[in-house]
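Asks: Got a sequence here, can you build the structure:
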Amino acid sequence: MSASAPHPIDIVYLWVDGADPQWQERRLHALRRQAGLPDRRAPHGDVRGRYRDNGELRYNLRALQRFFPGHGHIFIITDGQTPDWLQPGPGLTLIDHRMLMPAAALPVFDSGHIESYLHHVPGLSERFLYLNDDVFFGAPVDPALWFSDEGVAVFKEAATVPDYPAPQPFESALVNASLLSRQWLQQRDPLYRHVPRIFAHSPRPMLNSVMHALEAEAPQLFSAVRSTVFRSWMVPPLVPDLVPRWMLQTGRAKLREGASMYVCSGDADAEHQFEQLADGFGRLIFFCINDTSDNVDADVPALRQISHTLERLLPQPSRFERINPTQGARKIYDELILTQGARSAGVQ
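Replies: From the prediction side, this is the model:
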């Protein structure tokens, strides 16, 4: 699809607040239900850092408004939650897990499971950008970079990763996802040559029709990832690796390069990384601030540095931000859910 096409580019986020007592109770109940079964959770896949809200979504919307004001509709996929600062209004819709996934599968705490339903969001445009809330635009967005006649943009990491015969219980979800991609693509195309390299933590440009086509070609893979409750080393996610590899293999994507940055909050030199981020801000096509502090308390300096840095870089509130919250999160959530009916009916 041409980047000059007049159709909008929607934005899709996943968001969770791991400090919510009701959400915590759902997670503990799900863990109790799995007691006695083999623990197949992926390394770092069920730590606090996977679910912790450091305020990323608030600043992500600020970055979106600053660097891509011409974006389409925003969808936030969430498990019955909403930030108390979020301002209901046209252009933004909350999508509850119950709108996408069968009731029997809920609750789900594996982002790979949840994101396998992205292309089933009601009213979603053909072209859309999927962002984890810790992945930000860091410079003015050129839609022609992300969606061109050559295909959607794919960014890769420079370093290679281990290439085992099969997924490993001690490896990261992304490494195991690469192994799954290799196995599936080699079975379908003997000429496929696998490069053991993971893809960057970046905004992911996607085509709705292409995702439906992949689901039709790989129903067993989609069924498997939709069977998880927690992130599993045996069932890697599809969106971070298989989707871009398959699109590259079929001529629907193009490898791109550009200035970007990946910050790990748990690294010993994290403070230096944050300073580098501040120095490059405005010239970075995208950046990621990954909460790699795992199970530390939420008030440790390493985590406070995330919000402090984002506030320094993005001080201007977005139009989706309630400056002085006067409503509870439940009421805001109900208002946003109501807009889903209007969106599905074609009302902007």
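
Asks: and the residue nearest to the spatial centre of the chain, what is it in contact with?
Replies: Nearest residue to the geometric centre of the chain (CA atoms, centre = their mean): residue 132, 2.7 Å. Applying CB atoms under 8 Å, 6 or more residues apart in numbering to residue 132 gives the contacts 13, 14, 111, 201, 288. In short, each C-beta sits where N, CA and C put it, glycine included.

Asks: Spatially nearest residue to the fourth one, not counting backbone neighbours?
Replies: Read that as residue 201. Using CB to CB, 6 or more residues apart in numbering and skipping the chain neighbours, the partner closest in space to residue 201 is residue 288 (3.8 Å).

Asks: Give the next helix or strand downstream of the one helix or strand that neighbour maps to.
Replies: For residue 288, the host element (DSSP states H and E) is strand 284-290. Sequence order places helix 301-313 as the next helix or strand after strand 284-290, per DSSP H and E.

Asks: Just the CA trace of stretch 306-314, in CSV.
Replies: Extracted C-alpha coordinates of stretch 306-314, given in CSV (Å, rounded to 0.1, in the frame of the first residue of the first chain):
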residue,chain,number,x,y,z
ILE,A,306,12.2,6.6,34.0
SER,A,307,9.4,9.1,34.8
HIS,A,308,11.9,11.9,35.6
THR,A,309,13.6,11.5,32.2
LEU,A,310,10.3,11.3,30.3
GLU,A,311,9.0,14.4,32.1
ARG,A,312,12.1,16.2,31.2
LEU,A,313,11.9,15.3,27.5
LEU,A,314,8.1,15.5,27.1
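
Asks: now that stretch: mean pLDDT?
Replies: Stretch 306-314 shows a mean pLDDT of 96.

Asks: Now do the buried residues in that stretch.
Replies: 306, 309, 310, 313, 314 (16 or more other CB atoms under 10 Å).

Asks: Among these, which one lies nearest to residue 61?
Replies: residue 314 (9.2 Å; CB to CB).

Asks: can you tell me which residues contact the closest one?
Replies: Applying CB under 8 Å, 6+ apart, the residues near residue 314 are 59, 62, 63, 66.

Asks: what phi and what psi does the backbone show at it?
Replies: phi -130, psi 70 (degrees, to the nearest 10).

Asks: In space, what's closest to it - neighbours in sequence excluded?
Replies: Using CB to CB, 6+ apart, the closest residue to residue 314 is residue 62 (4.2 Å).

Asks: returning to what we had before: could you dump the contacts of residue 132 to a markdown table with pLDDT, neighbour count and secondary structure?
Replies: Compiled in a markdown table, those are given as follows (pLDDT from 0 to 100; neighbours: other CB atoms under 10 Å; DSSP: H, G, I helix; E, B strand; the rest coil):
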| residue | pLDDT | neighbour count | secondary structure |
| --- | --- | --- | --- |
| 13 | 98 | 21 | strand |
| 14 | 97 | 19 | strand |
| 111 | 96 | 20 | helix |
| 201 | 95 | 23 | coil |
| 288 | 97 | 21 | strand |
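
Asks: what's in contact with stretch 270-288?
Replies: 132, 134-139, 145, 155, 200-203, 258-264, 267, 289, 302, 305, 309, 312-313.

Asks: And those, which of them are buried?
Replies: For the contacts of stretch 270-288, buried by 16+ other CB under 10 Å: 132, 134-139, 155, 200-203, 260-264, 289, 302, 305, 309, 313.

Asks: Lowest average confidence across helices and strands of the protein, where is it?
Replies: helix 329-344 (a mean of 52; mean pLDDT, DSSP states H and E).

Asks: Number of residues surrounding the spatially closest residue to residue 233 that is not a sequence neighbour?
Replies: In space, and not counting its chain neighbours, residue 233 is closest to residue 42: 4.3 Å by CB to CB, 6+ apart. Neighbour count of residue 42, defined by other CB atoms under 10 Å: 26.

Asks: Ok, residue 76 next?
Replies: 23.

Asks: Repeat that for residue 140.
Replies: 11.

Asks: Please apply the same query to residue 80.
Replies: 17.

Asks: which one is it nearest to, not counting chain neighbours?
Replies: residue 96 (6.0 Å).

Asks: With residue 135 instead?
Replies: Closest to residue 135 by CB to CB, 6+ apart is residue 288, at 4.8 Å.

Asks: and the one you found, what are its bridge partners?
Replies: residue 135, residue 262 (DSSP bridges).

Asks: Please apply the same query to residue 95.
Replies: residue 77.

Asks: Most neighbours out of the contacts of residue 314, which is it?
Replies: Most surrounded of the contacts of residue 314: other CB under 10 Å gives residue 59, at 25 neighbours.

Asks: gap between that one and residue 288?
Replies: Here residue 59 is placed at a distance of 13 Å from residue 288 (CB to CB, to the nearest Å).

Asks: list the residues that contact both of those two?
Replies: residue 136.
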